[in-house]
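Visitor: Fold the following, please.
(one chain, ligands or ions: 1)
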Amino acid sequence: MDITRFIPPQGDTSRPTIAEINLSTLHENFNAIQKAVGNAMVMPVVKANAYGHGLIAVSQCLVSAGARYLCVALLEEGLALRQAGIEVPILVLRGLSQSQIPFYLEHNLTITATSIEKLTQINQTASELGKKARVHLEIDTGMERSGTHWYNAQPFFEFATQCQCVQVEGVFSHFANADAENLSSAREQLARYLQATQFWLDSPYPRPLFHLANSGGILQLPASHLDAVRPGILLYGVYPSSECQRTIAVQPALSLRSSITYFKVVEAHTPISYGHTWQSDHRIRVVTVPIGYADGYARGLSNRGQVLIRGKRYPIAGRVCMDQLMVNIEWDSAYNGDCVTLIGQDGAEQISVDEIAEWLGTISYEVLTGISMRVPRRYVM
Ligand SMILES: *Cc1c(COP(=O)(O)O)cnc(C)c1O
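Guide: As a prediction, this is how the structure comes out:
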């Protein structure tokens, strides 16, 4: 694909700034993960607008790729999927407030129950509405975020089996360190999980779905694959950390592109952008690009980030503004309408999400989920 020039969609009124999502890549990443986990069910995590890739389009793509279950963080995300006609089971990972329960039941969304108190509320509401709640029980094995501690899991499980209007479909926990180089803490969490869930193997009750692994666990701890896995970042072709072993080959599905909208020559010793934080000691050519921190291209990239134009890397000159930024192209040639790649490939050069995260001192997750709703998503195959 020649990406030298930015080709706007026909009849589009928007400025030339888009996040381009390759659905074939997403599909291939799903297949690669499914192959690596064998018989375990892959439950894609599509929270936070599918890590910035677009909730509905990504979910539709994954369902057609064979996903039989989806995970979201929030009730609203589950409702948006139902509204879009997605019919596969959807697990809402975060805990709930009591007033939300009727909506879960009405739209057949799977509830995460984190405590006996929440189970009581769920069971009560389900009973009042004459429904049976589909529930996954969350136990805490070392994340210390939510869920009943693994050492208190027995009475929690016991209570769940006594709730007439609750169907215990799954039991899960979440890793704090599965993407680390040292896996001793993740192994400890796995051991705690297996110890607690032994309850179900020793009991007469039907055995629920056991799931634990996030991307880190999928990549580094095959023993954690159990009945199902919950990949987020890996599905989008990004690895969870730099130390994490890359045991499954995936490709980034998202590119962030814009286009040159202004070109000028700047004389030596002329400061550029807000605060006049940067200037060149010689005459340069500077181009302006219509993307800024309100689009999720962080202001922390001021005088630090780089972009690709005509297959070459150039530095950002001065501060990133709300809607625009300036790029120093020295004395090279570039023209209005040329494509500017902020994330992705152009010729032999590539800027990865990881690289941007490193410039910012953060993680790839924050860079991807930070791409704001203002940036149109364009889907390609
Ligand atoms: C976000 C999330 C995941 C996915 O994590 P990744 O590191 O992106 O794979 C899995 N499980 C739970 C409970 C989560 O909140």
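
Visitor: Gly370: neighbour count?
Guide: The number of residues packed near Gly370 is 17, by other Cβ atoms under 10 Å. Just so you know, the C-beta spots here come from the backbone N, C-alpha and C atoms, and that holds for glycine as well.

Visitor: Next: the one 4 residues further on.
Guide: By the other Cβ under 10 Å criterion, the neighbourhood of Arg374 contains 14 residues.

Visitor: Just read off the phi/psi values of the closest residue to it other than its chain neighbours.
Guide: Distances taken as Cβ to Cβ, 6 or more residues apart in numbering put Asp295 closest to Arg374, at 5.5 Å, once the chain neighbours are dropped. Main-chain torsions, Asp295, degrees, to the nearest 10: phi -90, psi 0.

Visitor: confidence score at Asp295?
Guide: Each residue has a pLDDT score; the one for Asp295 is 98.

Visitor: got a list of what it touches?
Guide: Neighbouring residues of Asp295 by Cβ atoms under 8 Å, 6 or more residues apart in numbering: Thr17, Asp323, Ile371, Ser372, Arg374, Val375.

Visitor: Quick one: buried ones out of those?
Guide: The neighbour count (16 or more other Cβ atoms under 10 Å) marks Thr17, Asp323, Ile371, Val375 as buried among the contacts of Asp295.

Visitor: In those residues, find the pair that's most separated.
Guide: By the measure Cβ to Cβ, Asp323 and Ile371 form the most distant pair in those, at 14.4 Å.

Visitor: And the residue nearest to Arg374, how close does it get to Leu256?
Guide: Using Cβ to Cβ, to the nearest Å, one gets 9 Å for the distance from Asp295 to Leu256.

Visitor: Common neighbours of the two, please.
Guide: Taking Cβ under 8 Å, 6+ apart as the contact rule, Asp295 and Leu256 both touch Ile371, Val375.

Visitor: So which residues of the stretch 251-381 of the chain form helices?
Guide: According to DSSP state H, counting those that start in this stretch, the stretch 251-381 of the chain carries its helices in the segments 353-360, 364-370.

Visitor: Same list (the ones you listed) but as a markdown table, adding distance to Phe159 and mean pLDDT.
Guide: Listed next are the helices of the stretch 251-381 of the chain as a markdown table, based on distance: least, Cβ to Cβ, whole Å; pLDDT from 0 to 100:
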| stretch | distance to Phe159 | mean pLDDT |
| --- | --- | --- |
| helix 353-360 | 42 | 98 |
| helix 364-370 | 34 | 98 |
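
Visitor: count of neighbours near Val380?
Guide: Val380 has 12 neighbours, counted by other Cβ under 10 Å.

Visitor: for it, what are its contacts?
Guide: Contacts of Val380 by Cβ under 8 Å, 6+ apart are Glu20, Ile21, Asn22, Leu23, Ser24.

Visitor: I'd like to know how far it sits from Leu23.
Guide: 7 Å.

Visitor: Asn328 now?
Guide: 35 Å.

Visitor: do Ser185 as well
Guide: 36 Å.

Visitor: cool, and Leu109?
Guide: 25 Å.

Visitor: Can you pull the residues of the stretch 101-250 of the chain lying near the ligand?
Guide: By the rule Cβ under 6 Å from any ligand atom, the part of the stretch 101-250 of the chain lying against the ligand is His174, Asn214, Ser215, Arg230, Pro231, Gly232, Ile233, Leu234, Pro240.

Visitor: Tell me if I'm right that the third one and Leu221 touch.
Guide: No. Distance between Ser215 and Leu221: 11.0 Å, which falls outside the contact criterion (Cβ atoms under 8 Å).

Visitor: Tell me which residues touch the residue nearest to Glu138 when sequence neighbours are not counted, please.
Guide: Excluding the flanking residues, the one nearest Glu138 by Cβ to Cβ, 6+ apart is Gly147, at 3.6 Å. Contact analysis of Gly147 by Cβ under 8 Å, 6+ apart lists Thr114, Ser115, Glu138, Ile139, Asp140, Ser173, His174.

Visitor: Which two of these have the greatest separation?
Guide: The widest separation within the contacts of Gly147 (Cβ to Cβ) is 15.3 Å, between Ser115 and His174.

Visitor: ok, those two, which is more surrounded?
Guide: More crowded of Ser115 and His174, by other Cβ under 10 Å: His174, with 23 against 17.

Visitor: Excluding chain neighbours, what is closest to that one?
Guide: Nearest non-adjacent residue to His174 (Cβ to Cβ, 6+ apart): Met143, at 4.9 Å.
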